[in-house]
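Asks: pasting the sequence and the predicted model now:
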Amino acid sequence: MKTMERIYLDYAATTPCHPEAVKAMQPYFYDKFGNASSIYSFGQEAKAALEESRQRVADFIGARPEEIVFTSGASESNNAALKGVAFALRGKGNRIITSVIEHHAIGEPCKFLAKEGFEIIILPVDKDGLVDPDAVQKALNDKTILVSIMHANNEIGTIQPIAEIGRICREKGVLFHTDAVQAVGHLPTLVSELNVDMLSSSGHKFYGPKGVGFLYIRRGTKIKPLIQGGDQERRFRAGTENVAGIVGLAKAVEIAASEMEAEGKQLIQLRDALIQGILKAVPDSRLNGHPAQRLPNNVNISFAYVEGESMLLNLDLEGIAASTGSACTSSSLEPSSVLLAIGLPAETAHGSIRFTLGKWTARAQVDRVLDIFPKIVAKLRVMSPLYPGDKNG
Amino acid sequence: MKTMERIYLDYAATTPCHPEAVKAMQPYFYDKFGNASSIYSFGQEAKAALEESRQRVADFIGARPEEIVFTSGASESNNAALKGVAFALRGKGNRIITSVIEHHAIGEPCKFLAKEGFEIIILPVDKDGLVDPDAVQKALNDKTILVSIMHANNEIGTIQPIAEIGRICREKGVLFHTDAVQAVGHLPTLVSELNVDMLSSSGHKFYGPKGVGFLYIRRGTKIKPLIQGGDQERRFRAGTENVAGIVGLAKAVEIAASEMEAEGKQLIQLRDALIQGILKAVPDSRLNGHPAQRLPNNVNISFAYVEGESMLLNLDLEGIAASTGSACTSSSLEPSSVLLAIGLPAETAHGSIRFTLGKWTARAQVDRVLDIFPKIVAKLRVMSPLYPGDKNG
Amino acid sequence: MAETPLPYSEKVMDHFRNPRNVGVMENPSGVGKVGNAVCGDVMELFIKVENDIIIDTRFRTFGCGAAIATSSMVTELVKGKTLDEALKISNKAVAEALGGLPPIKMHCSVLAEEALKSAIDDYRKKQTEPK
Amino acid sequence: MAETPLPYSEKVMDHFRNPRNVGVMENPSGVGKVGNAVCGDVMELFIKVENDIIIDTRFRTFGCGAAIATSSMVTELVKGKTLDEALKISNKAVAEALGGLPPIKMHCSVLAEEALKSAIDDYRKKQTEPK
Ligand SMILES: Cc1ncc(COP(=O)(O)O)c(C=O)c1O
Ligand SMILES: Cc1ncc(COP(=O)(O)O)c(C=O)c1O
């Protein structure tokens, strides 16, 4: 048991921090620790690193450095974008348009804003998880101050037609934000091509450190800062800058810039091998999410008659880490709202597993999952009172 | 020049991260990188580290682990406390009481809340920078939902009578928050003795990493989260946990627990040597802040006829880092509002320097400052049109 | 792997890995089926009763690790017990026998208790029914 | 130390470290004093004029690094210039001569320009006044 190789297939939850990023961070803990807002030399070393990092991130998404605001992660970025625009434009209107498959870090701030008097329009998705740009168009009215649609879904991997939705918003002069957490570092995310005014990202989703992210804010966008105080980040975000973390994130961006494309191609091969292998080996299973417009690393499959956590635990006993759409790990009894939104019955949603692949996923690991996983499902089905197979047998 | 020893005397702005804290963080970047909210083994390693850190912080301030919410730093903690209570208790009342010497990370959220319809009462301080507990008592009314008074001031080092103010608030059943950024890790900060309901702290002010802090929230305190989304931090603060940073902060807490007392005694000696040395060597100089109720590491002195930044730059040229109450480094022309609040004329406020000492401050460094600094002031005074000395000479 | 703290106790993991008494029972004396697939938990419990004593048990469960482990544990706990003794087994007793459950999983032990009660009910109803 | 980028250019730092023409002038032809101690900047500029040409300058400044450097630079720039030439020296020219200033410091160059104008004004007023 002790020597069993562990297989990590939950890269969408978090990635290991790239050793080069870890290395890049080191000088900024003790040696170059100065406060980047100070004028003396100690601070200027930190300041220089900060601004170099900002430039790197800006280049990567085709933005200007002054449009990049470093945050503590995408949950903060999302809250800052939604509440920031809401409180800044309250006088102008109160409608905010979003979708039913957004991350909680969009959904929860929206609930808060609804209580504060904003009208939140939640657009549905089709069976593949796509938002219809026409639906966005129709939902826009005079009172609309913001549209927020995620770039790629974290659970089912569906990639939204962001550029098109952005074009529609821009035509109407309505601000458009995208939660691009699952896209940045994995797909091209040039803000000029996406037609977005704001974009959220989190470092630990693309081999950067946890606890640092950024929010792109297009020049001229009115926004009330979420974290107010000192003059850091051009007053968009107060707080002594997490220089080490920011440097680590920038290093991850640098690595992504050179490796992303090849990595994506390789991941698509592994992904498709895993999807096809499982669907073939396990009867009564179905792929969730768009078959083609899909993150290169995302596999999300539902299995009838079995529950997700019990699959997850069995995988864990074999040293394999994955994720589930079942509610069993949270305090509610509702399964994944994303899976329900694409039309899955609740019991099927409970029986879904997400494997997300990454930089260090090897073909041998995929093969091992293909060997083990069908046996796990079979074992659990024998144990399941919902499984008709037994009755026939 | 290249071999000149650099002397860092701006510990109140930020501290280097203790090498032991840096070391403690390392495993959590790449090896134990899992998401602390996942149920599988990868995540559980992170989770265990997280909860151990929480316990350590809780023990240090005499709280329960579930009362500690990790944040990205004190700016976030302060915003979360103020806005969190304001939005949660809006139905109950709208008065918030604070002081004129708070950090911007209190002052700015208060301005925002004022625009949102809250009544912000800003209490004055006396010439030493003390808030009068009686004034708090008098400002409390039926509509008061929160009092926020900082523990120790970051500029002038004055320590407030927090326990007494807390007692007054508790008698009236009003929530009491303290920004204890400059106190945690330097002074005893047991929440039970301080009578506080909330307390903000930032790791990088006591040898922890930047970009991580915490907010103590007493059990039962109603608060709307600032960053909403996932279920992390018992829903008080969404976002994938910055495990490495939190482990680093906890290590800093552990070090403080064993070194704080002795360090404080030593710092007081160095501090007083520096204060007395400067006041003796430089005519027309005065100490700012309370002479005795004062942070062990804080030296803040005003010098007539000279401006702060020019002193700072000259110090920097000698390899000495300090800080100033002059506005010259910020975009406003107003000097430190704290110095104005204790009654300094604006031109004197412009001429103030803060030296803040720390763990690695040596007596020889203090002596070097005592040797160099009076010469800098003398040189600048000769250059100053406000200096009467020249006219007499 | 073994050193890392899973959210479940070792006992839970043992019963999850090697569940006792899994399967369908031929000609059971009583059957209880509780829970709801929509909520992610369904338990089916079979008992064989002789002279008021539960002499054998079987179960099938659709559900999470805790659901499977509590089902397995309850089938073990009741074996050899009289029906009245079995009815006294509370959900807490099941959880305790497993070395505790995470708070959000306590409902699984409630389900196990209900499944048992329902199976005993079923048996008793059958007894009073005209054959 | 020298490698680390301070917010000021090397020229600014040079003039800050070794300000030219510091001090009070005996019997100046004109004096300008501008700024406000409350705002953290006071500049005092002395000029000696002969045949409409500024032949010597002195300054004293209470203010930040940029304030001192711009004062020093302006005293250098105007030396040897006619009054009309000197009046054409804009704040931008002073900033440029220093290799640029951070945006929030541009007001210091404005102050330097004003100090110069005020000193020339003072000289011209004295010329027209009855002695
Ligand atoms: C789509 C999406 N948005 C937002 C987040 C929140 O990111 P973080 O937890 O880093 O704040 C995540 C990840 O958890 C995500 O997948
Ligand atoms: C008293 C006080 N409060 C709040 C802060 C803000 O802390 P941070 O910059 O880590 O968010 C600071 C330091 O800058 C401080 O000294």
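Replies: On my side now, so go ahead. Ligands and ions are numbered 1, 2, ... in the order given.

Asks: any idea how far the residue positioned nearest the centre of chain C lies from C:T57?
Replies: The centroid of chain C falls nearest to C:S71 when counting by C-alpha atoms, centre = their mean (3.2 Å). Taking C-beta to C-beta, to the nearest Å as the criterion, C:S71 is separated from C:T57 by 10 Å. No exception for glycine: its C-beta is placed from N, CA and C like everyone else's.

Asks: then A:H204?
Replies: 47 Å.

Asks: those two: who's more crowded?
Replies: A:H204 (30 against 24; other C-beta atoms under 10 Å in any protein chain shown).

Asks: neighbours of the closest residue to that one other than its chain neighbours, how many?
Replies: The shortest distance from A:H204 to any non-neighbouring residue, by C-beta to C-beta, 6 or more residues apart in numbering or on different chains, is to A:K210 (4.1 Å). A:K210 is flanked by 30 other residues according to other C-beta under 10 Å.

Asks: now do the same for A:K210: its pLDDT.
Replies: pLDDT recorded at A:K210 is 98.

Asks: just A:K251 next, same as before
Replies: If you check A:K251, the pLDDT there is 98.

Asks: hey, where'd the strands end up in the stretch 51-200 of chain A?
Replies: A:68-71, A:95-99, A:119-123, A:144-148, A:175-179, A:198-202 (DSSP state E, counting those that start in this stretch).

Asks: of the ones you listed, give the one that comes closest to B:S148.
Replies: Across the strands of the stretch 51-200 of chain A, B:S148 has its closest neighbour in strand A:68-71 (23.8 Å, C-beta to C-beta).

Asks: helices or strands up against that closest one?
Replies: Judged by 3 or more C-beta pairs under 8 Å, 6 or more residues apart in numbering or on different chains; DSSP states H and E, strand A:68-71 is in contact with helix A:41-61, helix A:74-89, strand A:213-217.

Asks: can we see that at 10 Å?
Replies: helix A:41-61, helix A:74-89, strand A:198-202, strand A:213-217, helix A:243-281 (3 or more C-beta pairs under 10 Å, 6 or more residues apart in numbering or on different chains; DSSP states H and E).

Asks: can you put the ones you listed in JSON lines and add distance to chain B?
Replies: Putting these into JSON lines (distance: least, C-beta to the nearest C-beta, whole Å) gives the following:
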{"stretch": "helix A:41-61", "distance to chain B": "5"}
{"stretch": "helix A:74-89", "distance to chain B": "4"}
{"stretch": "strand A:198-202", "distance to chain B": "7"}
{"stretch": "strand A:213-217", "distance to chain B": "9"}
{"stretch": "helix A:243-281", "distance to chain B": "5"}
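
Asks: contact residues of the stretch 51-200 of chain A facing chain D?
Replies: Selection of the stretch 51-200 of chain A residues close to chain D by C-beta under 10 Å from any C-beta of the partner chain yields A:E51.

Asks: just give me the neighbour total for A:Q365.
Replies: Neighbour count of A:Q365, defined by other C-beta under 10 Å: 20.

Asks: who does the residue nearest to it when sequence neighbours are not counted bridge with?
Replies: Closest residue to A:Q365 apart from its sequence neighbours, by C-beta to C-beta, 6+ apart: A:I7 at 4.6 Å. Going by DSSP bridges, A:I7 is paired in beta bridges with A:I320.

Asks: any idea how far A:I7 lies from A:A13?
Replies: 14 Å.

Asks: all strands of chain C, in order?
Replies: With strands called from DSSP state E, chain C shows them at C:30-36, C:41-50, C:53-62.
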